[in-house]
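Engineer: Predicted structure and sequence below. I'll ask about it afterward.
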Amino acid sequence: MINVLIVGKGKMGCLLKNRAEELGMNCLGCCDVLDPSLLEQNKDRIDVILDFSHPDNLTWILEQIRGTKIALVEGTTALSKEQKEAMEKAAEDNPVFYSANYSYGIAVFHKILELAAPLLKDSFDIEIVETHHNQKADAPSGTALALLETIDPGKEYDPVFGREGVIGKRGREIGIHALRGGTVAGIHEVGFYGNDEILEIRHTANSRMIFVDGALKAARFLCGQEPGLYSMVDLLK
């Protein structure tokens with residue numbers, strides 16, 4: 001049986017806890033940096049931590065797992081460059097799984113873009129649009145930024161985050177746009193706009209459960225792995 005600990009007490013944390021228990025995992029509960037006792041007192045029992053909370057929790061988590069064999073499934077978005085570097089450093093000693101989106105469909109979306117973008121980028125304009133519920137704090141979404149990285153890994157294009165005013169002729173750019181409203185779990189679209197033709201690729205999440213199930217698949221995968229930084233690419237394999 002896998003012993004899991006959830007960091008975060010919001011909607012995602014509760015969904016992770018309930019689903020983990022449904023799948024037969026032993027969930028020790030939910031905690032965070034303001035209520036740290038579950039993590040601090042159970043280091044010898046925890047197999048894997050799942051964190052889908054707030055960037056402020058990450059530094060504390062990395063400090064707590066240092067010197068242990070605890071694995072970490074990290075899904076918090078809006079991490080800083082320094083936090084990502086710290087997570088990569090931690091992966092030298094602990095198994096760490098990081099993704100901006102734990103949907104299997106989004107993982108396949110990236111695979112499609114890896115094929116399509118090199119074929120289209122020189123003759124098609126590219127735009128990314130993401131839509132989320134009205135409670136989402138960060139924009140654009142971490143998934144949209146990850147899609148941008150897949151489309152333009154060499155940073156050949158200028159990212160343009162929304163447009164306003166007299167902007168003039170389009171340059172060598174990729175537009176990224178964030179829409180917020182209602183209870184939308186997540187919609188991500190990439191459009192390739194050519195002369196007299198348009199190719200659009202779209203993924204719609206109908207509930208957060210696709211992210212919950214993906215995260216718990218990652219947790220099962222990570223248990224028993226050697227230290228290292230893992231991603232959805234490894235899970236697809």
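Structural biologist: Thanks, I have it.

Engineer: any idea whether the most centrally placed residue in the chain is helix, strand or coil?
Structural biologist: Nearest to the mean C-alpha position of the chain, by CA atoms, centre = their mean, lies residue 100 at 1.2 Å. Of the three states, residue 100 takes coil according to DSSP: H, G, I helix; E, B strand; the rest coil.

Engineer: Enumerate every residue touching it.
Structural biologist: 75, 77, 141-143, 145-146 (CB atoms under 8 Å, 6 or more residues apart in numbering). From N, CA and C alone the C-beta is placed, and that goes for glycine too.

Engineer: repeat for residue 112
Structural biologist: Listed by CB under 8 Å, 6+ apart, the contact partners of residue 112 are residue 201.

Engineer: What segments of the chain are strands?
Structural biologist: Assignment of strands within the chain using DSSP state E yields the ranges 3-7, 26-31, 48-51, 71-74, 95-98, 125-132, 158-161, 173-180, 186-194, 197-205, 228-230.

Engineer: Identify all contacting residues around the first one.
Structural biologist: Counting contacts by CB under 8 Å, 6+ apart, the residues outside strand 3-7 that touch it are 13, 16-17, 20, 25-32, 38-39, 42, 45-53, 57, 61, 219.

Engineer: and if we set it to 6 Å?
Structural biologist: Outside of strand 3-7, the residues within contact range by CB atoms under 6 Å, 6 or more residues apart in numbering are 13, 16-17, 20, 25-28, 30, 32, 45-51, 53, 57.

Engineer: what do you get for the second one?
Structural biologist: Outside strand 26-31, the residues within contact range by CB under 6 Å, 6+ apart are 1, 3-6, 9, 13, 17, 20-21, 38-39, 42.
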